[in-house]
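Visitor: Predicted model follows, preceded by the sequence.
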Amino acid sequence: MSKNRHTEAQILGALRQLGAGRRAGDVACELGVSKNTVYAWKAKYMSETEETKRLRAENTRVGKLVAGLKIEEELHSVI
């Protein structure tokens, strides 16, 4: 079997099912993978999700700083 047998959509669907309360063994059986594979997917995608959230928060913070600097710059040019 190839390593990339399941699409990202299938993997995310499986993780949504886990989040909804389904057992990992049931989800794994449905997809034809081991329970360990489902847990590996969960670890990989949850860490990526946390990283994405952190980066979005950082981008928001930087955006606010830049907006503040632009306002200050415009105020100084008016004076």
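Guide: The structure has been received and is ready for your questions.

Visitor: Which pLDDT value goes with the most centrally placed residue in the chain?
Guide: Taking CA atoms, centre = their mean, the centroid of the chain lies closest to Thr49, which sits 2.2 Å from it. On the pLDDT scale, Thr49 is placed at 77.

Visitor: One more: Lys3?
Guide: Reported pLDDT for Lys3: 63.

Visitor: And for Val38, the neighbour number?
Guide: By the criterion of other CB atoms under 10 Å, Val38 has 24 neighbours. Where C-beta positions appear, they are placed from N, C-alpha and C, glycine not excepted.

Visitor: name the element it belongs to?
Guide: Using DSSP states H and E, Val38 sits in helix 35-78.

Visitor: Run through the neighbouring helices and strands of that helix.
Guide: Applying 3 or more CB pairs under 8 Å, 6 or more residues apart in numbering; DSSP states H and E, one finds that helix 35-78 contacts helix 8-19, helix 24-31.

Visitor: chain center to stretch 58-71, what's the gap?
Guide: In terms of CA atoms, centre = their mean, to the nearest Å, the centre of stretch 58-71 is set 23 Å apart from its chain centre.

Visitor: can you check stretch 69-79 too?
Guide: Put simply, stretch 69-79 sits 37 Å off its chain's centre (CA atoms, centre = their mean).

Visitor: What's the mean pLDDT across it?
Guide: For stretch 69-79, the mean pLDDT works out to 81.

Visitor: Any stretches of this protein with poor pLDDT?
Guide: 1-4, 79 (pLDDT under 70).

Visitor: same thing but at 90, please
Guide: Residue ranges of the chain with pLDDT under 90: 1-6, 8, 19, 44-54, 68-79.

Visitor: Contact partners for the residue nearest to the centre of the chain?
Guide: Neighbour list for Thr49: empty [criterion: CB atoms under 8 Å, 6 or more residues apart in numbering].
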